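**Q** Here's a sequence, model it:
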Amino acid sequence: MFELNIKNLIGLLGMIILVSSWIPQTFETIKSKKCPLNINFILLYTFSSLLLSIYSLLIKDIIFLILNFLAFLQSFINLYVKVFYEKVKKEN
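**A** The predicted model follows:
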């Protein structure tokens, strides 16, 4: 059960700030259909966020789970654009 105390409040604040840092890049990627990030970085970040999401689920840490799932989702969007949209542009 999630209990709102100072420890969890610090975790929530950190989660909000960290996830917020990805939002401008993700919106720009979606808008331009172009991702300037290195493919190796995106692959590593996406895979590690997925693994940490699974780990968070196993240890039942809701803040860590939400943080890593949102990081996975945002990095996956960047990966999708990098792989599929940029590939289509190169073929045309």
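
**Q** So which residues of the chain form helices?
**A** 6-32, 39-59, 62-80, 86-91 (DSSP state H).

**Q** The longest one packs against which elements?
**A** On a contact count with 3 or more Cβ pairs under 8 Å, 6 or more residues apart in numbering; DSSP states H and E, helix 6-32 meets helix 62-80. The C-beta positions use only the backbone N, C-alpha and C, and glycine is treated the same way.

**Q** Centre of the chain to the helix it packs on, how far?
**A** 3 Å (Cα atoms, centre = their mean, to the nearest Å).

**Q** What residues sit buried inside stretch 29-44?
**A** If you call a residue buried by 16 or more other Cβ atoms under 10 Å, then stretch 29-44 has these buried ones: 29, 35, 42.

**Q** Dump the residues you listed to TSV, plus distance to Tyr55 and pLDDT.
**A** Output for these, formatted as TSV (distance: Cβ to Cβ, whole Å; pLDDT from 0 to 100):
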residue	distance to Tyr55	pLDDT
Thr29	26	90
Cys35	26	89
Ile42	20	93
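
**Q** And those, which is closest to Ile6?
**A** Using Cβ to Cβ, Ile42 is the member of these that sits closest to Ile6, with 34.7 Å.

**Q** Spit out the contact partners of the closest one.
**A** Taking Cβ atoms under 8 Å, 6 or more residues apart in numbering, we find Ile42 in contact with 35, 75, 78-79, 82.

**Q** Highest mean neighbour count out of the helices of the chain?
**A** helix 62-80 (a mean of 19; mean count of other Cβ atoms under 10 Å).

**Q** just the angle between that one and helix 6-32, please?
**A** With axes from the mean of the first three to the mean of the last three Cα atoms, to 10 degrees applied, the angle from helix 62-80 to helix 6-32 works out at 10 degrees.

**Q** list the helices and strands helix 62-80 packs on?
**A** Contacts defined by 3+ Cβ pairs under 8 Å, 6+ apart place helix 62-80 against helix 6-32, helix 39-59.

**Q** CA atoms of stretch 9-18 as CSV?
**A** Below are the C-alpha coordinates for stretch 9-18, written out as CSV (Å, rounded to 0.1, in the frame of the first residue of the first chain):
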residue,chain,number,x,y,z
LEU,A,9,7.1,12.6,-1.3
ILE,A,10,10.8,13.0,-2.2
GLY,A,11,10.5,10.0,-4.5
LEU,A,12,7.4,11.5,-6.2
LEU,A,13,9.1,14.9,-6.7
GLY,A,14,12.2,13.2,-8.2
MET,A,15,10.0,11.1,-10.5
ILE,A,16,8.1,14.1,-11.7
ILE,A,17,11.2,16.1,-12.4
LEU,A,18,13.0,13.2,-14.1
